[in-house]
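here's a sequence, model it:
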Amino acid sequence: MRKFLFGVILVVGVSAYFARSGQSKEKKVVVHDTIFKDTQYITERDTVFYDAKWLRNQFQVAPKAYWKNYGDGYEVEFPDFMNKVLLNKGERNLKVEYHGISMVVSAYDDEFEMPVLEKYEGLNMSAVTKSMADSSFLLAGKCDKNKFYFEKDIKLKNRTWLYLRVEFPRELTWAVDPLLHYVKDYDPKNKVEGA
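Next up, the predicted model:
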C-alpha cells in the first residue's frame, strides 16, 4: 500500500512539474528598455515596466530642458529624460515623450477672433473635467481606451492660441502628476529660469 501511495504521489508530483515547466516555456517575456522593480508599484504597458514611485520622482527632480517659441514669445520646460520631437509645422510646435507619456505644446491662429468662452464651449464637449479662467481653460478626459489627457488652452492674443496637452496611460496618473501641475500652472508670461 505504501509503495502504491508513494507511486501515486510521485506521478502527481512529476505531472505537476511538467505542467509547470510547460507553462513557463509558453510564457514569453519581452523587455524593452529599463525595468525598475524595486517597489511593489510596478505596472506593465506594452512590455515596458514602470515603477510609479521612480517615475514620479523623475518628474519632480530630473534636470529640466527648455524650448522657446520666438515668434509667439513663450517658452516651456520639460524633464530632460523625455525625448524631444519637433513637429512638422515649424517652431510653433513641440512634442516630448517618454514611453507612452507625451506632452504637446502648440501655437496656432484661428481664422476669426474668438472669445475664451466661445472657444471653451466649442472644445469641452468630450471633457470629463473642465474649468475656465479669464484667458485660459483646462480640459481633462479620456482620449484612448487606456489613456487620459490633460490640456490647458491659452489665448495669447487676438486670434492666437497656445495649448499644452499631456497624454498618459491611466495607471500612471499619480506618477505624472508633477507634469500635470506644470501644465495647470503654466503662464506664458513667466520666463523660464535657465532657458
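
low-confidence bits of this structure, can you list those?
In the predicted model of the chain, residues 1-50, 86-90, 191-195 satisfy pLDDT under 70.

would you map the helices across it?
If DSSP state H is used as the criterion, the helices of the chain fall at 2-26, 52-61, 116-123, 177-185.

packing partners for the second one?
Okay, so that is helix 52-61. Applying 3 or more Cβ pairs under 8 Å, 6 or more residues apart in numbering; DSSP states H and E, one finds that helix 52-61 makes contact with helix 177-185. Just so you know, the C-beta spots here come from the backbone N, C-alpha and C atoms, and that holds for glycine as well.

ok, and for the helix it packs on, which residues are buried?
Neighbour-count burial for helix 177-185, with 16 or more other Cβ atoms under 10 Å as criterion, is recorded at P178, L179, L180, Y182, V183.

that helix vs helix 52-61, what angle?
Taking axes from the mean of the first three to the mean of the last three Cα atoms, to 10 degrees, helix 177-185 and helix 52-61 form an angle of 40 degrees between their directions.

give the other helices and strands that helix 177-185 contacts.
Other helices and strands packing on helix 177-185, by 3+ Cβ pairs under 8 Å, 6+ apart, are helix 52-61, strand 74-79, strand 101-109, strand 147-157, strand 160-169.

one more time with 10 Å
For helix 177-185, the helices and strands in contact under the criterion 3 or more Cβ pairs under 10 Å, 6 or more residues apart in numbering; DSSP states H and E are helix 52-61, strand 74-79, strand 101-109, strand 136-142, strand 147-157, strand 160-169.

for M82, give me phi and psi.
For M82, the backbone dihedrals are phi -80, psi 140 (criterion: degrees, to the nearest 10).
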